[in-house]
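A.B. asks: Following is a predicted model, sequence given first.
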Amino acid sequence: MKKRILTGDRPTGRMHLGHFVGSLQNRVNLQDEYDQFVMIADVQALTDNFDNPEKVRNNVRELVLDYLSVGIDPNKTTIFIQSLIPEIAELTVFYLNLVTLDRVLRNPTVKEEIKQKGFEKSLPAGFAMYPVSQAADITFLNANLVPVGEDQLPMIEQTREIVRKFNSLYGEVFVEPEALIGDIKRLPGIDGNSKMGKSLGNAIYLSDTENDLKKKVMSMYTDPKRIHPTDPGEVIGNPVFVYHDAFNSDKNEVNDLKERYKKGTVGDVEVKEKLFTALNNFLMPIRERREDLSKDTERLDQILIEGTKKTKLLAEETMKKVRKVMKIDYF
Ligand code: ATP
Ligand code: MG
C-alpha cells in the first residue's frame, strides 16, 4: 500500500511563489509515489476571517485553479473541502482534551501570527486553537508525510505530541506524521519580510499578470545599505537573489550577477530586470493553463465533489475507530 500525504492551504487568497517552493513543488513530484490528499482549509481560514466569509468562499475555486495549473493531477491527488468533513471537527474536540492552553500558546508560529493580526488584546479562542484542529486534519487520514513550509513545523510537532498522547491513553489508532520541507524553507516577501504570505500583502501570485509581476519585481526590497550601483552589496538573504536562486534556471547568469553585485559593478535595475524575465518565463505556462482551466467551472466543482465524497468515507472509518477506543460507541 502507498504511503499517504496530507497537506492543505487556507482559501484566503490565490497561491504565490512561496507556496510553490514551500509545498506545491513537492506535491507535484510526489503524487505518483504517494496516496495524496490536499485539503482546502476553509474552517481554518475562518478562524481569522470569520467576519469575511465571502473572501473564504471565493478563494476555494481559486485554489483549485492554482493546484491544477502547477500540475496537481486530480486523478492522482484527492482534493477536498475541510468544512464538508465534520469528522475533523469532532476529532478536534477530542484532541482539545489532550493539550494545555499554555502549550498551544507557546507555538512560535501562532505567537507571531497573533502579533501580526493584532490579536494581542482580544484573541479569538478558535484562532488560538487552530493548531489542534490542524492536528485533526493531518491525522484523520493517518497521513505519513506532510509537505509544508517551515512556518508549519511547530504544528507538525504539536500533532506528533497529540498522537502520542492519544495512542498511549486509548490505544494505537494514529500514526505520527513527518514534515517534508520544500527546497526553500521560507521564501521572503517582496517587502523583505522573512515570509511571503497571502495575508501580508507582499506576495507574487502564480496568477499575476506580466504587468503586475513587473511592477512587483521592480519595487522589490534589496540590500538596504546599498545606495549606489557602485556600492558593494550583500547577496546572502537578499530577496532578489533568493528568488534568482529559486526561479532562474540560468545559473551562470545568477552567479555572474552575484559576483558583480558583491563588487559593486551591477545596478539593482539590471538584477531586477533579469529576475523579471526569469520569473515571467516560469509563470507564463502556469498563467496560460490557469486561464484555460478557469473556463470550465463545472469541472472544478466536480473535482471537489468527488474528492470530498472519497475523503468523507475514510473519515467515517477513522471516527468509528476513535469512538470505539474512547468508549463512546454506545449502540
Ligand atoms: P495566510 O497568510 O492566509 O496564512 P499563507 O501565505 O501563509 O496564507 P497558507 O495557506 O497558510 O498560506 O500556507 C499553505 C502552505 O504554504 C503551508 O504549508 C505553508 O507553510 C506554505 N507557505 C506559505 N508561505 C510560504 C513561504 N513564504 N515560503 C515557504 N512556504 C510557504
Ligand atoms: Mg499561513
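C.D. replies: Everything's here; your move. Ligands and ions are numbered 1, 2, ... in the order given.

A.B. asks: all contacts plus neighbour counts: C-alpha atoms, from now on.
C.D. replies: Fine.

A.B. asks: domains for this protein, by residue range?
C.D. replies: 4-188+297-325, 210-290 (automatic domain parsing).

A.B. asks: quick one, which of those is nearest to ligand 1?
C.D. replies: domain 4-188+297-325 (3.0 Å; C-alpha to the nearest ligand atom).

A.B. asks: Which residues are in contact with Ile305?
C.D. replies: Phe80 (C-alpha atoms under 8 Å, 6 or more residues apart in numbering).

A.B. asks: Any figure for the gap between it and Pro86?
C.D. replies: Relative to Pro86, Ile305 is positioned 15 Å away (C-alpha to C-alpha, to the nearest Å).

A.B. asks: returning to what we had before: just tell me which of the domains of the chain ends up closest to Leu200.
C.D. replies: If you check each of the domains of the chain against Leu200 by C-alpha to C-alpha, domain 4-188+297-325 wins as the nearest, at 8.6 Å.

A.B. asks: ok now that closest one, how far from the chain's centre?
C.D. replies: Put simply, domain 4-188+297-325 sits 9 Å off its chain's centre (C-alpha atoms, centre = their mean, to the nearest Å).

A.B. asks: do it and ligand 1 meet at all?
C.D. replies: Yes: residues of domain 4-188+297-325 contacting ligand 1 under C-alpha under 6 Å from any ligand atom: 9-10, 12, 18-19, 22-23, 148-152, 185-188.

A.B. asks: now do the same end-to-end measure for that domain.
C.D. replies: Where domain 4-188+297-325 starts and where it finishes are 23 Å apart, if you go by C-alpha to C-alpha.

A.B. asks: The strand or helix carrying Glu270: which residues count as buried?
C.D. replies: Glu270 belongs to helix 268-293 when assigned by DSSP states H and E. Of all the residues in helix 268-293, those buried under the rule 16 or more other C-alpha atoms under 10 Å are 268, 271-272, 274-280, 283-284, 286-287, 289-290, 293.

A.B. asks: One more: stretch 178-188?
C.D. replies: Glu178, Ala179, Leu180, Ile181, Gly182, Ile184, Lys185, Arg186, Leu187, Pro188.

A.B. asks: and the residue in the stretch 201-331 of the chain that ligand 1 sits nearest to, how many neighbours does it have?
C.D. replies: Closest contact between the stretch 201-331 of the chain and ligand 1, by C-alpha to the nearest ligand atom, is at Ala203 (8.0 Å). Other residues near Ala203 come to 23 when the count uses other C-alpha atoms under 10 Å.

A.B. asks: so who does it touch?
C.D. replies: His16, Leu17, Gly18, Gly189, Ile190, Met196, Gly197.

A.B. asks: do that again at 7 Å, thanks
C.D. replies: His16, Gly189, Ile190, Met196, Gly197 (C-alpha atoms under 7 Å, 6 or more residues apart in numbering).

A.B. asks: before we move on, what about Met15?
C.D. replies: Met15 neighbours (C-alpha under 7 Å, 6+ apart): Leu63, Asp66, Tyr205, Leu206.

A.B. asks: And the strands in this structure?
C.D. replies: Secondary structure of the chain, counting by DSSP state E: strands at 4-9, 35-40, 77-81, 145-148, 178-181.

A.B. asks: And stretch 228-242, what's buried?
C.D. replies: Taking 16+ other C-alpha under 10 Å as the criterion, stretch 228-242 shows Pro229, Asp231, Pro232, Gly233, Glu234, Val235, Asn238, Pro239, Val240, Phe241, Val242 as buried.

A.B. asks: so what's the fourth one closest to, chain neighbours aside?
C.D. replies: The shortest distance from Gly233 to any residue that is not its chain neighbour, by C-alpha to C-alpha, 6 or more residues apart in numbering, is 4.8 Å, and that residue is Lys262.

A.B. asks: Then the first one?
C.D. replies: Of all residues not flanking Pro229 in the chain, Gly267 sits nearest, at 4.3 Å (C-alpha to C-alpha, 6+ apart).
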